[in-house]
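Enquirer: turn this into a structure:
(chains A, B and C)
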Amino acid sequence: MEQRIHTMEVATRGRGLTEVTGPVRRWVAEQGLGTGLLTIWCRHTSASLVVQENASPEVRTDLEAFLARLVPDGGDGRYRHEEEGPDDMPAHIRAMLTQTQLSIPVAEGVPVLGTWQGIFLYEHRTRPHRRELALHLLGEPGRPRRAGP
Amino acid sequence: MEQRIHTMEVATRGRGLTEVTGPVRRWVAEQGLGTGLLTIWCRHTSASLVVQENASPEVRTDLEAFLARLVPDGGDGRYRHEEEGPDDMPAHIRAMLTQTQLSIPVAEGVPVLGTWQGIFLYEHRTRPHRRELALHLLGEPGRPRRAGP
Amino acid sequence: MEQRIHTMEVATRGRGLTEVTGPVRRWVAEQGLGTGLLTIWCRHTSASLVVQENASPEVRTDLEAFLARLVPDGGDGRYRHEEEGPDDMPAHIRAMLTQTQLSIPVAEGVPVLGTWQGIFLYEHRTRPHRRELALHLLGEPGRPRRAGP
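Expert: Residues are numbered from 1 along each chain as shown, chains lettered A, B, ... in the order given. Below is the predicted model:
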């Protein structure tokens, strides 16, 4: 059994979803492991991970509209923690309601995502940020089925 | 250290919780591994996983009532993504707010669930579906304590 | 590759967040493993895990205020499952919306948390409880970078 560990940087364009399925699959494919387990850890409390439909951009618009209604921005004394900006406390709440970590089984060198599943980094702050994902792969050496999407 | 990988099919009866604790425990017990780590991955974006009380059906009724209020069905232009039905976009939102993956430590061949914990597949679409869970088990050979419930 | 498994008890003081980052890091450091994967499993359905900012107590106040608004206590017939108290069903809903499990990559014997990330047990019942976390560590022997905070 072997392990690999890696830090992936993701530049976000402000609040919203950035798909990372491609770079994650490519990194896994390059490790030369067959069956295994991939773990993705988001090293932030104002950005998080979600698995969502990778086909329709309207799905992402609706997800964001839902969270914006559910967790309104501050600036009006709604939150005690407002000194880092009106979007900071809502970002922490959104992170709590979504995922900081995903572990995905790997078969023949490919994470076993469903047909419509994509992995997204969800930036919850309004401004662009440089975010870090820690990737960990555990597995047995094996021939990858294909080199990623 | 050894690994096992498996696809489990679950037939749902439409929106609501289907318990999978029994079949998951049985599959783990059959692998002949003692200490280890079990990962369950739901290969969908309109169904998800939750860990909940396995005793009271009223808990499940209340969970569903809560989510139905929090994430209303569409069909009235509430969502941009409505062409797959009024229950599709709410299903994606519900999946985002719950879990796509669970990793559970295994001791003596048994996942270390608490006394009242059950693992449930949450179908978020109104119609029945055939869903796939990818199971991954990593561990050392060992004698299972018991064969599961 | 080696494995360790452990049960950590956490005494909560009623509804709210109890930080467990320190004891978790110390346990990992004591295992003498370098690169690996740590899994924390909360063995309850009325308490859960969240990763949040470890610096500001106001963040925790705002998180709790948000959840108290989103998931009101019962006692007024709002929930069918009220026989275990007005705070029991809300506790199950809060657990569903947060995390039962976290898996964190470990490098040089230290979980790769971001600078501001802390691991918290979230007690959702109003009274204090004794809670159990199951910890699982998988990794290769290695020299820890430091002994934890």
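Enquirer: for the rest of this, base every contact and every neighbour count on C-alpha atoms.
Expert: Noted.
Enquirer: is it true that A:Arg69 lies in a helix?
Expert: Yes - under DSSP: H, G, I helix; E, B strand; the rest coil, A:Arg69 falls within a helix.
Enquirer: neighbours of it, how many?
Expert: Residues lying near A:Arg69 (other CA atoms under 10 Å in any protein chain shown) number 9.
Enquirer: which strand or helix spans the residue in chain A that chain B sits nearest to?
Expert: Going by CA to the nearest CA, chain B is nearest to A:Gly114 of chain A, at 4.3 Å. Here A:Gly114, judged by DSSP states H and E, is contained in no helix and no strand.
Enquirer: again, but for A:Ile119
Expert: strand A:117-123.
Enquirer: what packs against that strand?
Expert: Using 3 or more CA pairs under 8 Å, 6 or more residues apart in numbering or on different chains; DSSP states H and E, the elements in contact with strand A:117-123 are strand A:16-19, helix A:21-30, strand A:47-53.
Enquirer: can we see that at 6 Å?
Expert: Contacts defined by 3 or more CA pairs under 6 Å, 6 or more residues apart in numbering or on different chains; DSSP states H and E place strand A:117-123 against strand A:16-19, strand A:47-53.
Enquirer: need the pLDDT of the residue of chain A found nearest chain C.
Expert: Proximity of chain A to chain C (CA to the nearest CA) peaks at A:Arg43, 4.3 Å away. At A:Arg43, the model reports a pLDDT of 98.
Enquirer: surely it is in contact with C:Thr115?
Expert: No - at 7.8 Å, A:Arg43 does not count as touching C:Thr115 under the criterion of CA atoms under 6 Å.
Enquirer: the more surrounded of the two?
Expert: A:Arg43 (23 against 12).
Enquirer: just give the nearest non-adjacent residue to the more buried one, would you?
Expert: C:Gly114 (4.3 Å; CA to CA, 6 or more residues apart in numbering or on different chains).
Enquirer: now swap in A:Tyr79 and tell me
Expert: C:Asp62 (6.0 Å).
Enquirer: just to revisit the earlier point, now render the helices and strands packed on strand A:117-123 as JSON lines, adding mean neighbour count, mean pLDDT and distance to chain C.
Expert: Conversion of these to JSON lines gives the following (neighbours: other CA atoms under 10 Å in any protein chain shown; pLDDT from 0 to 100; distance: least, CA to the nearest CA, whole Å):
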{"stretch": "strand A:16-19", "mean neighbour count": "21", "mean pLDDT": "97", "distance to chain C": "20"}
{"stretch": "strand A:47-53", "mean neighbour count": "25", "mean pLDDT": "96", "distance to chain C": "10"}
